[in-house]
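Student: Just need the structure, nothing else, for what follows:
(one chain, ligands or ions: 1)
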Amino acid sequence: MTDMVAYETHGAVAVLRLQNPPVNALSQAVRQALMQGMDRAEADPGVRAVLIVGDGRAFIAGADIKEFGKPPREPHLPDLCDRIEASPLLVVASMHGVSLGGGLEVALSAHYRIAQPEARIGLPEVHLGLIPGAGGTQRLPRLTGAKAAVEVITSGRHVPADEAARLGIIDRVEAGDPQAVGLACAQALLASGAARRPVSEMPAPAPIDWDATYAKVLKKGRGQLSPAQAVRAVQASAELPFADGLAAERRIFQELMATDQRQGMIHAFFSERAVSNLSELASVAPRAVEAVGVIGGGTMGAGIATSALLAGLSVVLVERGQTAAEAARARIAGNLDGALNRGKLTQERHDALLGQALEVVTDYAALADVDLVIEAVFEDMAVKTAVFAELDAVCKPGAVLATNTSYLDIGEIAAQTSRPSDVIGLHFFSPAHVMKLLEVVVPDQTVPDVVATGFALGKRMGKVAVRSGVCDGFIGNRIMRAYRTAADHMVLDGATPFEIDAALTDFGFAMGPFAVSDLAGLDIAWAMRKRLAPTRDPRERVGRYPDTLCEAGEFGRKTGKGFYLYDAGSVEPNPEVMELVMAERAERGITPRGFSPEEIQRRYMAAMVNEAAKIVGEGIARRPLDVDMVLLFGYGFPRYHGGPLKWADLQGVDTVLADIETYAREDDFFWQPAPLLRQLAAEGRCFDDLNKAPQT
Ligand code: 3H9
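Tutor: Residues are numbered from 1 along each chain as shown. Below you'll find the model as predicted:
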C-alpha cells in the first residue's frame, strides 16, 4: 500500500482515503493502492464495510489524463471498478467537491452513495474526445434510465448533488465532514442489515429511440465523434447483458482513444490551463485592482463594463455626453438583464451592480481613483492618443492604462503618455461579457507587473488570457486576415462563398467565413481594406466585389443583405454575389475551376497554419499553444481539432508545408512558407515540441 490511499478502520468500517492532490486523479499508483486497500479490508477480520472518500478539494476528478496516449498500466480502471462492486463487503462512497469521469465510475461501483450539498458529479469524457470507459455508460442508465443518462453523458455537464439525488445517482445529500458523514452512513447501513446493492445487478434501462437520439447528438456535435458514440454505448446497456455491455463500452472507448479528436481535445484541455501560466510572471505580483474605468459605452465598452461588474469590480464608465451616457447605461442594463434571465445572476445582485457598482459619467475627472482603465473608443490613432492624454492627466500614479484596440500600435499610443511602462493592450472580443478570449498585448516598454495585472484581471473575469506581442491585428486578427484572404482567392478562382462556408462548417466551424463576415458587418472589413490600400503591395490579390456590395449599402445581417439574404429567419445565398464575382473573374481574365470541399479545407487551414507559424517564429506568440487557444476561444475553431497548430502536428508539418509549396506555384506572393514551418519540417519536429521547450 502506498501513501496514495490511507487505510484506517473505525469499528467494522474500513476507510480508504485517497490523497493524490490536487484532485485525486486515478493514476496507476492510486488504482493500485485502491486495489490493495480493498484486499486489505476484505482480509481484515472485523471489517464488514468499506468507505471510499477523497482528501482535499474533490472526491476524484477522474482518470489521470496525463496517462492517456501512453501504454496502459495495470490495474486498469474498469477492473478496479468491477473489483469494488464485486466485493463481499458493503461499499459506500462519500462524495464532496467534484466526482468526475472515472471518479464517478468508482462511486457507481460502490453499493451506496452519499454526497455533500455542494458536490457536483459528471461524466465529462466527451470533452476529452472519449466516452466513460470504466462502466459509466452501463451503470448510470441502470440508475437514471436511458434518456437522462444520454443527456448527462453526451453533455458532459456537472450535475449538482440535489439534481443527482433526484435522478437516482446518489442516495442521500448530507452536509458535514465527508468522512464523518460517510462513516455514519456505513454504520447505519450495517446496523439496519442493509444488503450489498451492485448497480450491475439492477434491471437494464428501457429502450429509447436510439437512431433518432444518435442522429440528434451527432448533428449537435458538428462532427465530434464521442457524444454520438456515447449514445451507442448507452444503447448497449439496454440491449446487452451487463458484461457484454461493458465490453462494447471498452471497444468504443479504445477506438476513440486512437483518434486525432481525442488528441485535439486533450491538447485543448491542458493548453487552456497552460496558456496563462507564463514563467516570466511566476514571481511577479499583479497590482491591486478593485475599481475599473471604461472609456466608451458602445457595444464593446458596455460589454467590457458588464464583464468587470460580473467579476465583482466597481466600474466608472466615461461617455462623451449625456445621451451617449444614457445609451451606455441601457446597454449594460440589457447585458445584465440577459445574465439575470439565464439564471447567472440574482435579481438582488443585478440591482446592486447597476445601482451601486456602476457609475456612468461624462467627465474624466471621475477616473481619479480607478486602478485600471480600459479605453474602448473609435479605432483611430488620433482619437485614441487624445483619450490617453486625458487619462495621463487624471489617473493616479500606478493606475494601469489599457487600450482595447484591435490593430493599432500600442507602443505609439503609450508614447503619448508620461508613463508608457503602465500602458498595455487588453483586446476583448465581442460580445465582451460573453466571449472567453482576452489578448493581453504587451509592447516592449510595459513593465512585468502591468502584464501580470492584465492576466489577473482576465482570470477574475473568467477569460482565457493569452499574451501577444504588438503587430497589426495581434495574434487572432492577423491570422484571420490570412485565412480570409485564402478564402477570397478561392472565390476569385472558381469556388462560391457558399461552397466555402459549407466545407468549413463540415470541418467543424460553427460558421463559415462569409457567414461570419455578414454577422460582423461587411463594413468592418471594407474599412480595413481601405485602411490597408495605400500601403498594399501591387502583387496582392484583393477581390473588389465585396466593395461593390458595401457601396450598395449591403453590410450583411444588419441590413438584411450581404453574402446571404436574411428574411424572417430564413437565410439564403444572395444571387447577386455570384453575378458580381463572375463579372470580376471575367474582367481579370480568370477561367474558373472547381474546388472540392477537401481542397477548400486544406487551403484555408494551410493559410491559417502558415500565418500562425510566422507569428510564433516572430515571437508575437510565445508558444504554438497560445495561437491554438486564441483561435479556439475567439474564432470558433473546432475544439476537437485542438487548434490550428495542433491540427498541423496531427497532419504532419511536412504535409502542410508541401501543400503550401504547391499553392505557391500559383501565387508565390501570398503563399510564402513560414521559416518556422520549414525549420520544423527539416528537423523532423512538430509544433508541440516548442510547447514543451522551456520558455525564454
Ligand atoms: C476518465 O475518467 C476516463 C474514464 O472514464 C475511463 C478510464 C479508463 N487528470 O482545472 P484546474 C489537473 S477521463 C490529471 O486548474 P479547477 C489540472 O491539469 C477524466 N490532471 O482546477 C490542473 O493541473 P495544473 C474525466 C488533472 O478547480 C489541476 O489538476 N475527468 C485532472 O478549475 C487543477 O485543475 C475530467 O475530464 C485529471 N483528471 O477544476 C475532469 N483533472 O495545476 C477534468 C484536473 O498542473 N478536470 N487535473 O495546471 C476538470 O474538469 C477540472 O480540472 C476540475 C478542477 C473541475 C477537476
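Student: For the residue in the stretch 151-300 of the chain positioned nearest to the ligand, give its distance to K70.
Tutor: Nearest residue of the stretch 151-300 of the chain to the ligand: R273, at 4.3 Å (Cβ to the nearest ligand atom). All C-beta atoms are positioned from the backbone trio N, CA, C, and that covers glycine. Relative to K70, R273 is positioned 19 Å away (Cβ to Cβ, to the nearest Å).
Student: again with F687
Tutor: 20 Å.
Student: go on, E348?
Tutor: In terms of Cβ to Cβ, E348 sits 50 Å off from K70.
Student: ok so, going back, and the residue of the stretch 151-300 of the chain closest to the ligand, how far is that from L625?
Tutor: Here the criterion is Cβ to Cβ. By it, R273 lies 10 Å from L625.
Student: of these two, who's got more company?
Tutor: Neighbour tally, R273 and L625, criterion other Cβ atoms under 10 Å: the higher count belongs to L625, 28 against 10.
Student: For that one, which residues are in contact?
Tutor: The contact partners of L625, taken as Cβ atoms under 8 Å, 6 or more residues apart in numbering, are H267, S271, A274, V275, G643, L645, N691.
Student: tell me the two of those that are most distant?
Tutor: A274 and L645 (13.6 Å; Cβ to Cβ).
Student: can I see the domain layout of the protein?
Tutor: Per automatic domain parsing, the structural domains of the chain span 5-125+134-199, 289-468, 476-691.
Student: and the residue of the stretch 151-300 of the chain closest to the ligand, what is it in contact with?
Tutor: Counted by Cβ under 8 Å, 6+ apart, R273 has zero contacts.
Student: Which helix or which strand is home to it?
Tutor: Applying DSSP states H and E as the criterion places R273 in helix 260-274.
Student: The helix or strand just after that helix - contacts with which helices or strands?
Tutor: Next helix or strand after helix 260-274 toward the C-terminus (DSSP H and E): strand 291-295. Applying 3 or more Cβ pairs under 8 Å, 6 or more residues apart in numbering; DSSP states H and E, we find strand 291-295 packed against helix 299-310, strand 314-318, strand 372-375.
Student: Of the ones you listed, flag the one that's most buried.
Tutor: strand 372-375 (a mean of 27; mean count of other Cβ atoms under 10 Å).
Student: Could you tell me which residues of the stretch 101-250 of the chain lie near the ligand?
Tutor: Within reach of the ligand by Cβ under 6 Å from any ligand atom, the stretch 101-250 of the chain has these residues: G101, G102, E105, P124, E125, L128, P132, G133, A134, G136.
Student: Quick check on A274 and L645: which one has the bigger neighbour count.
Tutor: Counted by other Cβ under 10 Å, A274 and L645 do not tie: L645 has more neighbours, with 32 against 14.
Student: I'd guessed the more buried one sits against D689; true?
Tutor: No: with contact defined as Cβ atoms under 8 Å, L645 does not count as touching D689 (11.1 Å).
Student: So which residues of the stretch 151-300 of the chain form strands?
Tutor: Assigned by DSSP state E, counting those that start in this stretch, the stretch 151-300 of the chain shows strands spanning 159-160, 172-173, 291-295.
Student: Please flag which of the residues of the stretch 101-250 of the chain next to the ligand sit within strands.
Tutor: Nothing among these maps onto strands, per DSSP state E.
Student: Mark which of those are buried, thanks.
Tutor: Taking 16 or more other Cβ atoms under 10 Å as the criterion, what is buried in these is G101, G102, E105, P124, E125, L128, P132, G133, A134, G136.
Student: ends of stretch 129-146, how far apart?
Tutor: 21 Å (Cα to Cα, to the nearest Å).
Student: Return the helix or strand bottoming out on mean pLDDT in the chain as PDB; C-alpha atoms alone will do.
Tutor: Here the helix or strand of the chain ranked lowest by mean pLDDT, DSSP states H and E is helix 522-532, holding a mean of 88. The C-alpha coordinates for helix 522-532 follow below in PDB (Å, rounded to 0.1, in the frame of the first residue of the first chain):
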ATOM      1  CA  LEU A 522     -19.200  43.800 -44.100                       C
ATOM      2  CA  ASP A 523     -18.400  47.500 -43.500                       C
ATOM      3  CA  ILE A 524     -15.700  46.400 -40.900                       C
ATOM      4  CA  ALA A 525     -13.600  44.500 -43.500                       C
ATOM      5  CA  TRP A 526     -14.400  47.300 -46.000                       C
ATOM      6  CA  ALA A 527     -12.900  49.900 -43.700                       C
ATOM      7  CA  MET A 528      -9.900  47.600 -43.100                       C
ATOM      8  CA  ARG A 529      -9.300  47.200 -46.900                       C
ATOM      9  CA  LYS A 530      -9.500  51.000 -47.300                       C
ATOM     10  CA  ARG A 531      -7.000  51.400 -44.400                       C
ATOM     11  CA  LEU A 532      -4.500  49.000 -45.900                       C
END
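Student: elements contacting the helix or strand just after it?
Tutor: Next along the chain after helix 522-532, taking DSSP H and E as the criterion, comes helix 545-551. Packing contacts for helix 545-551, counted by 3+ Cβ pairs under 8 Å, 6+ apart, involve helix 522-532, helix 575-588.
Student: Buried ones in the helix or strand following helix 545-551, by neighbour count?
Tutor: On the C-terminal side of helix 545-551, the nearest following helix or strand under DSSP H and E is strand 564-567. For strand 564-567, burial by neighbour count (16+ other Cβ under 10 Å) applies to Y564, L565, Y566.
Student: So which bits of this protein are right by the ligand?
Tutor: Residues of the chain lying near the ligand (Cβ under 6 Å from any ligand atom): 22-23, 25, 61-66, 77, 98, 100-102, 105, 124-125, 128, 132-134, 136, 273.
Student: residues contacting V98?
Tutor: V98 is in contact with V23, A58, F59, A61, A119, R120, I121, G122, H158, counting by Cβ under 8 Å, 6+ apart.
Student: count of neighbours near the residue of the stretch 301-450 of the chain found nearest the ligand?
Tutor: Taking Cβ to the nearest ligand atom, the ligand has its nearest neighbour within the stretch 301-450 of the chain at K436, 13.8 Å off. The tally of other residues near K436 (other Cβ under 10 Å) stands at 16.
Student: isn't it right up against Y635?
Tutor: No: counting by Cβ under 8 Å, K436 does not reach Y635; the two are 11.5 Å apart.
Student: Any regions of the stretch 1-150 of the chain where pLDDT drops low?
Tutor: 1-2 (pLDDT under 70).
Student: which residues in it form helices?
Tutor: Ranges of helices in the stretch 1-150 of the chain, per DSSP state H, counting those that start in this stretch, are 28-43, 77-86, 102-109, 136-144, 146-155.
Student: so of these, which one's packed in deepest?
Tutor: Mean neighbour counts for those (mean count of other Cβ under 10 Å) peak at helix 102-109, with a mean of 29.
Student: Mind giving me the packing neighbours of that helix?
Tutor: Helix 102-109 packs on strand 49-54, helix 77-86, strand 90-95, strand 120-122, helix 136-144, going by 3+ Cβ pairs under 8 Å, 6+ apart.
Student: okay, the angle between the last one and helix 102-109?
Tutor: So that's helix 136-144. Going by axes from the mean of the first three to the mean of the last three Cα atoms, to 10 degrees, helix 136-144 is angled at 50 degrees with respect to helix 102-109.
Student: Now helix 136-144 - C-alpha only, PDB.
Tutor: Output in PDB follows, covering the C-alpha atoms of helix 136-144 (Å, rounded to 0.1, in the frame of the first residue of the first chain):
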ATOM      1  CA  GLY A 136     -20.200   4.700 -16.600                       C
ATOM      2  CA  THR A 137     -22.300   4.100 -19.800                       C
ATOM      3  CA  GLN A 138     -23.600   0.800 -18.300                       C
ATOM      4  CA  ARG A 139     -24.200   1.700 -14.700                       C
ATOM      5  CA  LEU A 140     -25.500   5.200 -15.000                       C
ATOM      6  CA  PRO A 141     -28.500   4.200 -17.200                       C
ATOM      7  CA  ARG A 142     -29.400   1.500 -14.700                       C
ATOM      8  CA  LEU A 143     -29.900   4.200 -12.100                       C
ATOM      9  CA  THR A 144     -31.400   7.100 -14.100                       C
END
